[in-house]
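Enquirer: Predicted model, plus sequence, below.
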Protein chains: 2
Amino acid sequence: MEEITRSMLRKDPLSGGWVIIATDRGKRPSDFGSVSAQTKGGFCPFCAGQESLTPPEIIAFREPNTAPNTPGWRVRTIPNKFAALRIEGNLDRQGEGIYDMMNGIGAHEVIIETTEHMGDMSSYPLNHLCEIIKMFRERTTDLENDERFRYIQIFRNHGATAGASLEHPHSQLIALPIIPRWVKEELNSSLNHWELKERCLFCDIKNQEIETQKRVVYENNSFLVFEPFASKFPFETWIVPKKHNSEFKTITDPDIYLFSEVLQKALSALYKSLSDPPYNLILHSAPIIRKSDGEKFKGIKDDFHWHVEIIPRLTKVAGFEWGTGFYINPTPPEEAAQYLREVINTK
Amino acid sequence: MEEITRSMLRKDPLSGGWVIIATDRGKRPSDFGSVSAQTKGGFCPFCAGQESLTPPEIIAFREPNTAPNTPGWRVRTIPNKFAALRIEGNLDRQGEGIYDMMNGIGAHEVIIETTEHMGDMSSYPLNHLCEIIKMFRERTTDLENDERFRYIQIFRNHGATAGASLEHPHSQLIALPIIPRWVKEELNSSLNHWELKERCLFCDIKNQEIETQKRVVYENNSFLVFEPFASKFPFETWIVPKKHNSEFKTITDPDIYLFSEVLQKALSALYKSLSDPPYNLILHSAPIIRKSDGEKFKGIKDDFHWHVEIIPRLTKVAGFEWGTGFYINPTPPEEAAQYLREVINTK
């Protein structure tokens, strides 16, 4: 994550997308010296005993009778020290001629997943992984109470190539005052499909995948792991709940266990197949619709279906992709699914 | 560019975007060993004297009385040996349940820009750069005659981080059977703006930038170089023709000279400011509308305004960006423009 302390949200009049732009002191040309910055080894502010080096914790799951910001935690959530957005203030929407902008308001939190500096999400004890997922649910539920926010994005960068700037395993959460364009696209597709068929698009995808089995990696009673038909990247892997459900935050404790099980199966299969590849993990859930939105988003929320996208970063995104939005994927998802199934089955 | 010999186009039912997926032999897990593949040094198939190692040339600008596929060329266009799309065949649109796909038909060409292996687009003699731009115009004009194509994307990857797999300076061109989603987005925004204001969106942007001068890097009689208001990346730099013009291929010879001048100013300012940064260069022009399209795209084409986007690859694209389509830019475009102006002025 880039180190920004104050920012503006600016709207691209051509794509309709928004950009978070630093307004304090910008990065100068000389700051980009280490283009291929590696994850820093050595001293780690996320390790147990270093709690005073991070901003004060928001919440931690900890052993009984241990004080906040001291050791004894198992999963610990803190504000991001170099947040892309600020939690205090109003949006203060403004124009500048034909351009649109607002203050960079939002929440940016870090979920430190474990005290183990060399831990990896693919191999945590299952009960511990459940605690991390519970933390995701806890933070989402809490932040949805803030009327300024429209969307909560939980994500995880693993490996320097995937943008991780600290090695110690952590996830991140950004609460946004705007429904982001990728989510809007998925929402619109879901809505169109519903209007055409009166069925959920994700449910249809999930049913077809279970039917053909061609791209299925793993499944249990509540979740399906598969390689999407139009995978943008080799070994792109999705997890969807089998039962229609638009909001991640409604996940039950028993389903957290089943979700943790498939998540671990997926991550460990990728770890073994691709020798611990860099990846990004993204959790997409329905946006936050307020009563004050009235009819504007009517129905749109319920048509959504929460899911996780895991994107191994094995190929480069180059001019063609940036220019068109087409992606070139050298590994058919059917082959990727077969590799991953074999790795899971030979365990 | 990934090495693909046969491919399918598959549509992502959620984003509406298309993906090119290899269908021959896919890349296996072990093929991704060198994630951070460096530009290969040493032996180069693009150097003069090695013409027999590339597919036969499509066209070359060469010295009088030199034969095709021998030395004597100045700018040489060849089919990409590892094309993402094939030129022969029909689209053969098909469904697979709820999914959509078609054959990976298209053209994928490489424009070898110079015989100088260590040359750089920022420092070619201006007349030579004009020849490269003429080659872009020549290939675009020729490929538009193929009724299967809807869009021609010219792009350039510079440096391994930006996806360049060969060091010898070259541009690429991909002709697509589908209007890509990014171009569609820009088209839709242009169309909406036209319907609202009866003015071109790009012209309005250009006029406001010239008026405020805050983000202007350079301009001459025909072209404006500026940092866009909502730059997704630090030092993102755009070039737009000052006169409204939807199609790149209509560029006149005098304007090719003026375009080459601003392109070189922009690239050399980036080169000096950021010590030869990796970058992607993208040329966006109006899509190809056929008579047979009838009313479907009425007006849409003329509302467009061709332009070039240069994206230095200084920051990492991570989970937040993949999840939302929001970008975090640590350098305000106003500051970037000032740096680049100073570099140009102190020359």
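Expert: Now that the structure is in, tell me what you want to look at.
Enquirer: where in the stretch 1-150 of chain A is pLDDT low?
Expert: Applying pLDDT under 70 to the stretch 1-150 of chain A flags residues A:1-5, A:24-26, A:33-42.
Enquirer: now the strands: where do they sit in it?
Expert: Taking DSSP state E, counting those that start in this stretch, the strands of the stretch 1-150 of chain A run over residues A:7-11, A:18-22, A:59-62, A:73-79, A:94-96, A:99-103, A:107-112.
Enquirer: right, and the ones you listed - which one's nearest residue B:64?
Expert: Comparison of the strands of the stretch 1-150 of chain A against residue B:64 by CB to CB identifies strand A:18-22 as nearest, at 50.6 Å. All C-beta atoms are positioned from the backbone trio N, CA, C, and that covers glycine.
Enquirer: List of residues touching the closest one?
Expert: A:2, A:4-12, A:84-85, A:104, A:178, A:180-181, B:230-232, B:326-333 (CB atoms under 8 Å, 6 or more residues apart in numbering or on different chains).
Enquirer: ok, back up a step: deepest-packed of the strands of the stretch 1-150 of chain A, please.
Expert: strand A:18-22 (a mean of 26; mean count of other CB atoms under 10 Å in any protein chain shown).
Enquirer: so how far is it off the chain centroid?
Expert: Distance, stretch centre to chain centre, for strand A:18-22: 19 Å (CA atoms, centre = their mean, to the nearest Å).
Enquirer: Going by residue numbers, what spans are helices in chain A?
Expert: A:126-143, A:181-197, A:201-212, A:253-273, A:319-324, A:333-345 (DSSP state H).
Enquirer: Mind giving me the packing neighbours of the shortest one?
Expert: Pointing back at helix A:319-324 there. strand A:327-329, strand B:151-158, strand B:170-176, helix B:181-197, strand B:279-284, strand B:307-312 (3 or more CB pairs under 8 Å, 6 or more residues apart in numbering or on different chains; DSSP states H and E).
Enquirer: Among the ones you listed, show the one with the smallest mean pLDDT.
Expert: In terms of average pLDDT, helix B:181-197 trails the rest of the helices and strands packed on helix A:319-324, at a mean of 90.
Enquirer: Buried by neighbour count: which residues of it qualify?
Expert: By neighbour count with 16 or more other CB atoms under 10 Å in any protein chain shown, helix B:181-197 contains the buried residues B:181-187, B:189-191, B:193-194.
Enquirer: other SSEs contacting it?
Expert: helix A:319-324, helix B:201-212, strand B:279-284.
Enquirer: what's in contact with it?
Expert: A:13-16, A:322-326, B:15-18, B:151, B:179, B:199-202, B:204, B:284, B:286-287, B:299-300, B:303-305.
Enquirer: Quick one, which of the residues you listed are buried?
Expert: Buried among the contacts of helix B:181-197 by 16+ other CB under 10 Å: A:13-15, A:322-326, B:15, B:17-18, B:151, B:179, B:200-202, B:204, B:284, B:286-287, B:300, B:303-305.
Enquirer: ok, residue A:83 touching residue A:55?
Expert: No: contact between residue A:83 and residue A:55 fails when scored by CB atoms under 8 Å: they sit 9.2 Å apart.
Enquirer: who has more neighbours, these two?
Expert: residue A:83 (22 against 13; other CB atoms under 10 Å in any protein chain shown).
Enquirer: Now find how far off-centre stretch A:337-347 is within its chain.
Expert: Taking the mean of its C-alpha atoms, stretch A:337-347 sits 25 Å from the chain's own mean (CA atoms, centre = their mean).
Enquirer: make that stretch A:183-193, sorry
Expert: That offset, for stretch A:183-193, works out to 18 Å (CA atoms, centre = their mean).
Enquirer: ok, now how distant is residue A:15 from residue A:179?
Expert: Between residue A:15 and residue A:179 the distance is 15 Å, computed by CB to CB, to the nearest Å.
Enquirer: Identify the residues contacting the residue of the stretch 201-347 of chain A found nearest chain B.
Expert: Proximity of the stretch 201-347 of chain A to chain B (CB to the nearest CB) peaks at residue A:318, 2.7 Å away. Residue A:318 makes contact with B:1, B:155, B:157, B:162-164, B:280, according to CB under 8 Å, 6+ apart.
Enquirer: picking up where we left off before, list buried residues within the contacts of strand A:18-22.
Expert: A:2, A:4, A:7-12, A:84-85, A:104, A:178, A:180-181, B:230-232, B:326-333.
Enquirer: ok, now which ones touch the closest residue in space to residue A:266 that isn't next to it in sequence?
Expert: Nearest residue to residue A:266 in three dimensions, chain neighbours excluded: residue A:225, at 4.9 Å (CB to CB, 6 or more residues apart in numbering or on different chains). Contacts of residue A:225 were listed using CB under 8 Å, 6+ apart, and they are A:216-219, A:237-239, A:262, A:265-266.
Enquirer: next one: residue A:178
Expert: Taking CB under 8 Å, 6+ apart, we find residue A:178 in contact with A:9, A:18, A:150-151.
Enquirer: No more questions from me, cheers.
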